[in-house]
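*Asks:* Sharing a sequence plus its predicted fold:
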Amino acid sequence: MAKLDELIREIQNELGADFRYMNIVGSDGLPIAGTTVADVNTEAVAARFTLIVKLASRVADKLHLGEVDDNLVTLDDAYILMELLGDESYFVILGLSKEAPLGVARMLLKEYADQLWDAIPR
């Protein structure tokens, strides 16, 4: 898990003040690694957003729209970006401030996706 924590810190450093929290979450809704600088119950976020990831994949499949790449949820004062990893049994939840550059955040998650996947103990 040390490698996962290191990668999460690297992403946090890249995003700076726009970073709120990040979790690596299994398909069971349980986070296996993460960090937060915001007053957020990230375990509850992980559990609830697991439903969104599963629903998005189901809808895309039923409508023959292709594979889900990522998901963006826009809130009043924040963004939550989700990126599927590897065989889609894990995903990243990244909480960002509303001022965050979404293109940079998406690029970072794509850039780190393989490293994060390889660092997950399986």
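*Replies:* Perfect, thanks for sending it. Keep in mind it's a predicted model, so treat the numbers as computed, not measured.

*Asks:* List the buried residues of the longest helix seen in the chain.
*Replies:* Taking DSSP state H as the assignment, the helix of the chain that covers the most residues is helix 42-62. Buried residues in helix 42-62, counted by 16 or more other CB atoms under 10 Å: 42, 45-46, 49-50, 53, 56. C-beta coordinates here come from the backbone N, C-alpha and C atoms, glycine included.

*Asks:* do the same with stretch 15-29
*Replies:* By 16+ other CB under 10 Å, the buried positions in stretch 15-29 come out as 15, 18-25, 29.

*Asks:* End to end on it, go ahead and measure it.
*Replies:* 25 Å (CA to CA, to the nearest Å).

*Asks:* still on that earlier bit, tell me the one among the buried residues of helix 42-62 nearest to residue 111.
*Replies:* residue 53 (20.3 Å; CB to CB).

*Asks:* which helices and strands sit right next to the longest helix of the chain?
*Replies:* strand 19-26, strand 31-36, strand 70-74, strand 78-85, strand 90-97 (3 or more CB pairs under 8 Å, 6 or more residues apart in numbering; DSSP states H and E).
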